[in-house]
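Undergrad: Below: sequence and its predicted model.
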Amino acid sequence: MSEPFIITSVREMKERAAAARAEGATISFVPTMGFLHEGHASLMREGRRRGDLLVLSIFVNPTQFGVGEDFESYPRDLGRDRRIARDCGVDIIFAPPAREMYPAGFQTWVNVETVSLPLCGASRPGHFRGVTTVVAKLFNIVKPSFAFFGEKDYQQLTVIRRMVADLNMEVEIVGMPTVREPDGLAMSSRNSYLSSAERQSALCLSRALYSASTLYRSGVVSVAALREEVLGILEREPDARVDYVEFRDGESLEEREVADDHTLLAVAVRIGTTRLIDNVIVGRGITWKEKC
């Protein structure tokens with residue numbers, strides 16, 4: 001595999017993308033904040049399969065972090081990321097500095113309203129405004145035919161799909177399944193914050209999702225009963241502080257009182273100082289290596 005070419009300039013990235021499209025190339029795009037893991041790699045491999053030119057962005061977006069959140073401490077390792085990107089067949093890494101994405105005088109925002117309000121939108125005010133703004137900018141710069149996002153950030157995927165539909169953007173959004181560690185923990189760059197003891201405590205998230213989806217598939221459709229099952233598992237973990245346990249429609253994110261195959265169960269839990277999220281569509285259930 002050849003080394004990916006690194007671009008830091010918006011102008012140069014736009015020129016490269018325009019030249020590729022003029023030659024008839026299909027552009028696949030994977031937007032990330034870096035510190036890549038196997039979940040990101042699954043997106044890149046699918047992007048490689050679908051596109052002629054594979055572009056990966058690495059940009060820790062300051063506008064999606066709130067006051068007191070982990071923008072400064074968010075893990076960064078461009079050298080490591082470049083090696084992973086190379087192994088996945090990435091052609092270009094777009095890694096702009098913040099001043100390229102938000103130059104002096106910047107004052108325009110993209111705000112997707114209803115689906116951005118619950119769940120992490122309620123817990124992290126302004127977060128999704130930052131996400132949709134930077135993703136819209138990245139789409140305008142890279143001009144991809146396909147863009148790849150993980151279902152682990154299910155609300156983010158839903159919000160971006162809504163933005164693309166509402167604004168008639170010419171990009172197909174491809175959602176990819178959550179990738180888990182062999183013991184069930186959903187892969188996340190923030191897992192690096194966890195101590196070994198906290199890492200074990202964090203397994204309560206996947207255990208709770210597994211138990212609730214199994215209970216649903218045994219015939220229990222009452223959201224109250226399913227929530228009680230989830231909370232029972234999470235609250236037995238001394239290091240866990242529950243942010244939310246929500247049952248929502250898998251497309252509209254509207255609240256559900258009775259679950260069906262398309263109901264999303266989403267949880268957010270703090271383990272020590274680290275906030276982790278996970279989810280499952282209860283009709284699908286979840287599995288991982290040690291459960292197989």
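TA: Yep, that arrived. Numbers count the residues shown, from 1 in each chain.
Undergrad: Met187: how many residues sit nearby?
TA: 18 (other CB atoms under 10 Å). C-beta: built from backbone N, CA, C; applies to glycine.
Undergrad: How confident was the prediction at the residue lying closest to it once chain neighbours are set aside?
TA: Spatially, and ignoring its direct neighbours in sequence, Met187 is nearest to Gly39 (4.2 Å; CB to CB, 6 or more residues apart in numbering). Gly39 is assigned 98 on the pLDDT scale.
Undergrad: do Ser222 as well
TA: 98.
Undergrad: For it, name its beta-bridge partners.
TA: Beta bridges link Ser222 to Val258, judged by DSSP bridges.
Undergrad: separation between it and Ala259?
TA: 8 Å (CB to CB, to the nearest Å).
Undergrad: Neighbour count: the two, which is higher?
TA: Neighbours per residue (other CB under 10 Å) separate Ser222 from Ala259, with Ala259 holding more: 23 against 14.
Undergrad: didn't the more buried one look like it was pressed against Arg217?
TA: No. Judged on CB atoms under 8 Å, Ala259 makes no contact with Arg217 at a distance of 10.2 Å.
Undergrad: list the residues that contact both of these two?
TA: Shared contacts of Ala259 and Arg217, defined by CB atoms under 8 Å, 6 or more residues apart in numbering, comprise Val282.
Undergrad: sorry, back to before: quick one, phi/psi of the residue nearest to Met187?
TA: Main-chain dihedrals, Gly39, degrees, to the nearest 10: phi -60, psi -50.
Undergrad: count of neighbours near it?
TA: When neighbours are defined as other CB under 10 Å, Gly39 has 21 of them.
Undergrad: Look up how far Val258 lies from it.
TA: Distance, Gly39 to Val258, by CB to CB: 31 Å.
Undergrad: same deal with Cys88?
TA: Cys88 is 41 Å from Val258, where distance means CB to CB.
Undergrad: Looking only at neighbour counts, state which of the two leads.
TA: With neighbours defined as other CB under 10 Å, Cys88 and Val258 compare such that Cys88 has more, 22 against 11.
Undergrad: ok, the closest residue to the more buried one other than its chain neighbours - contacts?
TA: Nearest non-adjacent residue to Cys88, counting by CB to CB, 6+ apart: Met44, 3.7 Å away. By CB under 8 Å, 6+ apart, the residues touching Met44 are 30, 54, 56, 85, 88-90, 148.
Undergrad: if we go to 7 Å?
TA: Counting by CB atoms under 7 Å, 6 or more residues apart in numbering, Met44 touches 30, 54, 56, 85, 88, 90.
Undergrad: Then it would be within a helix, right?
TA: Yes. Counting by DSSP: H, G, I helix; E, B strand; the rest coil, Met44 falls inside a helix.
Undergrad: Let me see the confidence value for it.
TA: With respect to pLDDT, Met44 scores 98.
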